[in-house]
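Engineer: Show me how the following folds:
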Amino acid sequence: MEDLRIIIDDNYNKNIGVRIDRFLTDELSEYSRAYIQKLVDNNNILVNSKPVKANYKIKSGDIIDIDIPEPEIIEIVPQDIPIDIVYEDKDIIVIDKPKGMVVHPAPGHYEDTLVNALMYHCKDLSSINGVMRPGIVHRIDMNTSGLLVICKNDTAHRIMSEKFKVHDINRIYTAICNNHFKESEGTIDKPIARHRTDRKKMAIDERGRRAVTHYKLIENLKENTSLIECKLETGRTHQIRVHMASINHSLLGDEIYGTKSKKINLNGQTLHAGVLGFTHPITNEYMEFTSELPEYFKNLLKVLEP
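Structural biologist: All right, here's what the predicted structure looks like:
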């Protein structure tokens, strides 16, 4: 059982009057609204030590206690899947993930993930994120390629998690997006939250968590597309995809936040995590890794070269 407590203080002023099921779905984005409502119905969520209904509206000073039951134990099977290991020591592994590979198992998808491959390669991974996500500190989408750091022990995991929390990580992505740019660079500072009606999507939402993306134009390409570089100041789910779509530059191939290209057949967004830099959690040595663009990305650039 995981115990969480949220105190509605001045930091939550914008959430006053919001239904508790909606509020907690935004706060605990890994859980669906239906799951939160089930917790409310089962009295796993108390406000000021008393049960409430899902339509209870948040008030200033409320103390919300959440008991999240342990998930059903699923055996995740190690699989001999080739992975590109960029760096490895006794504390961390840096992986160059290919496009199309899911990072960790989820309901209905328990095999052929990066975690299955890691468990075959490495017998010891940190346990902080449980059975489904051992060692996983951060994620990139299935159709995003590039660099990830994974932790082998709980000490390294805690330290790396804090670095991500305080944005002490250098992450630079390369992307191809729709529409030409007039400006050479810019910053998008717009909060992101789970979409209010489509729970599989994220959206710009004033009630969301702050999200900041710095972008720089590399080159305007043919077919009214552009090659850009994005540096993350924060790391929200789908951040680059949502932010670029919000300024009319959705990523090429992104059918969730953009539109399907009629001229270019792609499976998912053109986004590559090419630079990952951080201070080693144990040695305190600064390390930075780079990953070449994958072949499909290079071939696409040849087609789009002006």
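
Engineer: Flag every buried residue along stretch 257-276.
Structural biologist: Under the neighbour-count criterion of 16 or more other Cβ atoms under 10 Å, stretch 257-276 has 257-258, 266, 268-276 buried. Any C-beta I mention is one placed from the backbone N, CA and C, and that applies to glycine too.

Engineer: And these, which is closest to residue 164?
Structural biologist: Relative to residue 164, the closest of the buried residues of stretch 257-276 is residue 276; by Cβ to Cβ it sits at 11.3 Å.

Engineer: Quick check: bridge partners of that closest one?
Structural biologist: As for beta bridges, residue 276 partners with residue 171, residue 289 under DSSP bridges.

Engineer: isn't it right up against residue 170?
Structural biologist: Yes - Residue 276 is within contact range of residue 170, at 7.1 Å (criterion: Cβ atoms under 8 Å).

Engineer: For the two, list the residues in contact with both.
Structural biologist: Taking Cβ atoms under 8 Å, 6 or more residues apart in numbering as the contact rule, residue 276 and residue 170 both touch residue 288.

Engineer: Helices of the stretch 1-150 of the chain, start to end?
Structural biologist: Per DSSP state H, counting those that start in this stretch, the stretch 1-150 of the chain carries helices over the ranges 20-27, 33-41, 114-121.

Engineer: any idea of the mean pLDDT in the last one?
Structural biologist: So the one you mean is helix 114-121. Averaged over helix 114-121, pLDDT sits at 91.

Engineer: And it, what does it pack against?
Structural biologist: Packing contacts for helix 114-121, counted by 3 or more Cβ pairs under 8 Å, 6 or more residues apart in numbering; DSSP states H and E, involve strand 92-97.

Engineer: and the strand it packs on, average pLDDT?
Structural biologist: 97.

Engineer: ok, that strand: who's next to it in the sheet?
Structural biologist: Sheet pairing for strand 92-97, using DSSP bridges, gives strand 84-88 (antiparallel), strand 145-151 (antiparallel).

Engineer: Figure out which of these is closest to residue 67.
Structural biologist: Taking Cβ to Cβ, strand 145-151 is the member of the strands paired with strand 92-97 nearest to residue 67, at 27.0 Å.

Engineer: Which residues does that closest one contact?
Structural biologist: Here strand 145-151 has contacts from 86, 91-99, 103, 114, 118, 125-126, 135-140, 157, 160, 173, 271-276, 278, 281, 289-291, 294, 297, using Cβ under 8 Å, 6+ apart.

Engineer: And those residues, which of them are buried?
Structural biologist: The neighbour count (16+ other Cβ under 10 Å) marks 86, 91-97, 99, 103, 114, 118, 125-126, 135-140, 157, 160, 173, 271-276, 278, 281, 289, 291, 294, 297 as buried among those.

Engineer: picking up where we left off before, tell me the most buried of the strands paired with strand 92-97?
Structural biologist: Among these, strand 145-151 has the highest mean neighbour count (mean count of other Cβ atoms under 10 Å), at a mean of 25.

Engineer: can you pull the buried residues of the first helix or strand past that strand going along the chain?
Structural biologist: Using DSSP states H and E, the next helix or strand after strand 145-151 towards the C-terminus is helix 154-165. Within helix 154-165, the residues that count as buried by 16+ other Cβ under 10 Å are 156-157, 159-161, 163-164.

Engineer: tilt between helix 154-165 and strand 92-97?
Structural biologist: Angle between the axes of helix 154-165 and strand 92-97 is 60 degrees (criterion: axes from the mean of the first three to the mean of the last three Cα atoms, to 10 degrees).

Engineer: Counting by contacts, list what helix 154-165 packs against.
Structural biologist: Helix 154-165 sits against strand 145-151, strand 271-279, with contacts defined as 3+ Cβ pairs under 8 Å, 6+ apart.

Engineer: just to revisit the earlier point, now tabulate the helices of the stretch 1-150 of the chain in a markdown table and tack on distance to residue 253.
Structural biologist: Listed next are the helices of the stretch 1-150 of the chain as a markdown table, based on distance: least, Cβ to Cβ, whole Å:
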| stretch | distance to residue 253 |
| --- | --- |
| helix 20-27 | 28 |
| helix 33-41 | 29 |
| helix 114-121 | 21 |
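
Engineer: how about the ones you listed, which one is nearest residue 242?
Structural biologist: Closest among the helices of the stretch 1-150 of the chain, once you apply Cβ to Cβ, is helix 20-27, at 14.4 Å.

Engineer: Using PDB, write down the CA coordinates of that closest one.
Structural biologist: What follows is helix 20-27, C-alpha atoms only, in PDB (Å, rounded to 0.1, in the frame of the first residue of the first chain):
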ATOM      1  CA  ILE A  20     -11.500  15.800  -6.200                       C
ATOM      2  CA  ASP A  21     -11.500  13.000  -8.900                       C
ATOM      3  CA  ARG A  22     -10.400  15.500 -11.600                       C
ATOM      4  CA  PHE A  23      -7.800  17.100  -9.300                       C
ATOM      5  CA  LEU A  24      -6.200  13.800  -8.300                       C
ATOM      6  CA  THR A  25      -6.200  12.600 -11.900                       C
ATOM      7  CA  ASP A  26      -4.100  15.600 -12.800                       C
ATOM      8  CA  GLU A  27      -1.900  15.300  -9.800                       C
END
